[in-house]
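Q: Sequence below, structure please.
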Amino acid sequence: MAALTDLSTLAAHPVVQAPMAGGTSTPALAAAVAEGGGVGFLAAGFRTAEAMREEIAQVRRLTSRPFGVNVFLPQRETADPARVEDFAARLAGEATRYGTFLGDPGTGGDAVLEDAYGAKIAALLEDPVPLVSFTFGCPEPAVLRAFGDAGTVTVVTVTSVAEARAAEEAGAAAVCVQGAEAGGHQSTHRDDPERDGTETGLLVLLPQVREAVSLPLVAAGGIMRGAQIAAVLAAGADAAQMGTAFLACPESGAHPVHKRALTDPDFAETELTRAFTGRPARGLVNRYLREHGRYAPPGYPRIHFLTAPVRGAAAAAGDPGAMALWAGQGHAMARELPAIDLVRLLAAELDSARSAL
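A: Residues are numbered from 1 along each chain as shown. As a prediction, this is how the structure comes out:
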């Protein structure tokens with residue numbers, strides 16, 4: 001906990017690069033952020049344990065500075081087969097449009113709900129990294145204790161006061177407070193469709209969590225400038241986590257079409273949708289989202305596998321119309337800078353904001 005509370009022992013600047021699954025958070029990006037004085041993260045979601053090990057090794061070859069790895073918690077089955085089948089029928093035209101097929105939502109059986117969680121935890125305990133963060137839930141206390149004993153700082157991502165309290169009780173070293181503005185998936189601990197549309201903004205949620213728990217806080221959601229980092233620090237955070245801000249960096253693994261769309265006036269809005277993966281995630285509003293978003297059922301990660309071939313074919317064709325263009329609400333402020341320069345610019349903007357205050 002001390003390492004995160006006193007960030008000077010971990011990184012020069014209170015800037016954390018968000019873990020972005022699907023190939024966006026590359027070893028090169030994590031290392032460049034670390035070299036710039038921030039904290040870089042790898043995303044182990046949808047990766048095998050062996051692939052995660054290899055990416056960790058790549059980061060270590062690129063930097064000696066601290067970095068982290070993010071792990072998805074196992075998921076409960078939420079898919080209604082009949083609703084998934086109906087959604088698949090609706091998407092048949094998308095497969096035809098891109099000359100591909102729809103994926104099998106049952107691929108891997110129950111194993112897809114686990115995402116190799118046990119193997120990844122074992123690997124990270126066998127060869128510890130400085131930080132491990134968790135998405136879609138909170139690990140068992142024994143797991144958090146084991147990481148603490150190994151010298152790893154644990155961070156549980158939360159979207160409510162109740163989740164933050166649960167993380168503190170379980171023994172997390174810190175929590176990442178994710179506001180509704182954040183791009184990509186909302187890290188709710190329980191995927192409850194009744195919560196759709198009730199997500200809380202960061203500057204409302206952050207002070208509530210600050211009063212509810214005594215843990216260090218990392219703030220996430222729509223942060224794109226140093227002045228916004230100053231704002232969340234003033235609201236009780238110890239650091240700011242930024243994902244969309246790093247999407248346009250050359251080290252990011254995001255598709256070039258995705259990077260261009262961030263500042264394209266044709267993609268002026270974002271929306272939380274289940275249409276790509278079955279779980280609420282914020283992305284740029286494109287044709288696919290407008291046509292199918294309202295019909296998407298709960299069913300992560302079944303819907304993810306169903307739509308993956310269409311998303312991949314659209315990307316291969318350079319067509320943003322059916323890609324999952326994950327982005328936070330501040331996407332139009334993205335800057336195409338090398339990650340090391342972006343971290344240093346954010347730090348300079350933070351200093352200026354603090355001086356002005």
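
Q: Glu35 versus Pro27, what's the distance?
A: Remark: distance between Pro27 and Glu35 (CB to CB, to the nearest Å) = 12 Å. In short, each C-beta sits where N, CA and C put it, glycine included.

Q: Please disregard the earlier target; I meant Val15.
A: For Val15, the distance to Glu35 equals 12 Å [CB to CB].

Q: now His189
A: 33 Å.

Q: repeat for Phe276
A: For Phe276, the distance to Glu35 equals 33 Å [CB to CB].

Q: Looking at those two, which is more packed in?
A: More neighbours surround Phe276 than the other of Phe276 and Glu35, with 27 against 16 (other CB atoms under 10 Å).

Q: The nearest residue to the more buried one once chain neighbours are set aside in helix, strand or coil?
A: Spatial nearest neighbour of Phe276, excluding adjacent residues (CB to CB, 6 or more residues apart in numbering): Ala324 at 4.2 Å. With DSSP: H, G, I helix; E, B strand; the rest coil as the basis, Ala324 sits in coil.

Q: so Ala324 sits right up against Leu284, yeah?
A: No: using CB atoms under 8 Å as the test, Ala324 is too far from Leu284 to be in contact (9.2 Å).

Q: These two: which is more packed in?
A: Ala324 (26 against 23).

Q: can you pull the contacts of the more buried one?
A: 22, 276-277, 281, 283, 307, 311 (CB atoms under 8 Å, 6 or more residues apart in numbering).

Q: same thing with Val257?
A: Per CB under 8 Å, 6+ apart, neighbours of Val257: 315, 318-320, 323.

Q: you'd agree it is in a helix?
A: Yes: assignment of Val257 by three-state DSSP places it within a helix.

Q: And it, how close does it get to Phe276?
A: 15 Å.

Q: next one: Arg53
A: To Phe276, Arg53 is 28 Å away according to CB to CB.

Q: what about the closest residue to Phe67 other than its chain neighbours, helix or strand, and which?
A: Spatial nearest neighbour of Phe67, chain neighbours left out: Gly40 (4.6 Å); criterion: CB to CB, 6+ apart. Per DSSP states H and E: Gly40 is located in strand 40-43.

Q: again with Gln228
A: Here Gln228 is assigned to helix 226-234, by DSSP H and E.

Q: likewise Glu168?
A: Glu168 belongs to helix 161-170, assigned by DSSP H and E.

Q: which parts of that helix are buried?
A: By 16 or more other CB atoms under 10 Å, the buried positions in helix 161-170 come out as 161, 163-168, 170.

Q: Any chance of those residues in TSV with distance to Met224 as columns?
A: Listed next are the buried residues of helix 161-170 as TSV, based on distance: CB to CB, whole Å:
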residue	distance to Met224
Val161	25
Glu163	25
Ala164	24
Arg165	29
Ala166	30
Ala167	26
Glu168	29
Ala170	32
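
Q: I'd like the residues you listed as JSON lines, with distance to Leu289 and pLDDT appended.
A: Below are the buried residues of helix 161-170 laid out as JSON lines (distance: CB to CB, whole Å; pLDDT from 0 to 100):
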{"residue": "Val161", "distance to Leu289": "30", "pLDDT": "98"}
{"residue": "Glu163", "distance to Leu289": "27", "pLDDT": "98"}
{"residue": "Ala164", "distance to Leu289": "30", "pLDDT": "98"}
{"residue": "Arg165", "distance to Leu289": "34", "pLDDT": "98"}
{"residue": "Ala166", "distance to Leu289": "32", "pLDDT": "98"}
{"residue": "Ala167", "distance to Leu289": "31", "pLDDT": "98"}
{"residue": "Glu168", "distance to Leu289": "36", "pLDDT": "98"}
{"residue": "Ala170", "distance to Leu289": "35", "pLDDT": "98"}
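
Q: closest to Glu269 among those?
A: Glu163 (27.4 Å; CB to CB).

Q: if I look at that closest one, how far off is Leu205?
A: Distance of Glu163 to Leu205, given as CB to CB: 10 Å.

Q: Please apply the same query to Gly197.
A: Using CB to CB, Gly197 is found at 15 Å from Leu205.

Q: neighbour-wise, which of the two wins?
A: The residue with more neighbours, out of Gly197 and Leu205, is Leu205; 23 against 9, by other CB under 10 Å.

Q: so what secondary structure elements neighbour the helix or strand hosting that one?
A: Counting by DSSP H and E, the element that carries Leu205 is helix 202-212. Here helix 202-212 touches helix 161-170, strand 174-178, strand 217-220, helix 226-234, going by 3 or more CB pairs under 8 Å, 6 or more residues apart in numbering; DSSP states H and E.

Q: Would you mind giving these as TSV with distance to Arg83 added?
A: Shown next, in TSV, are the helices and strands packed on helix 202-212 (distance: least, CB to CB, whole Å):
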stretch	distance to Arg83
helix 161-170	26
strand 174-178	27
strand 217-220	30
helix 226-234	38
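
Q: Can you tell me which of the ones you listed is nearest to Phe87?
A: Closest approach to Phe87 among the helices and strands packed on helix 202-212 is made by strand 174-178 (26.3 Å; CB to CB).
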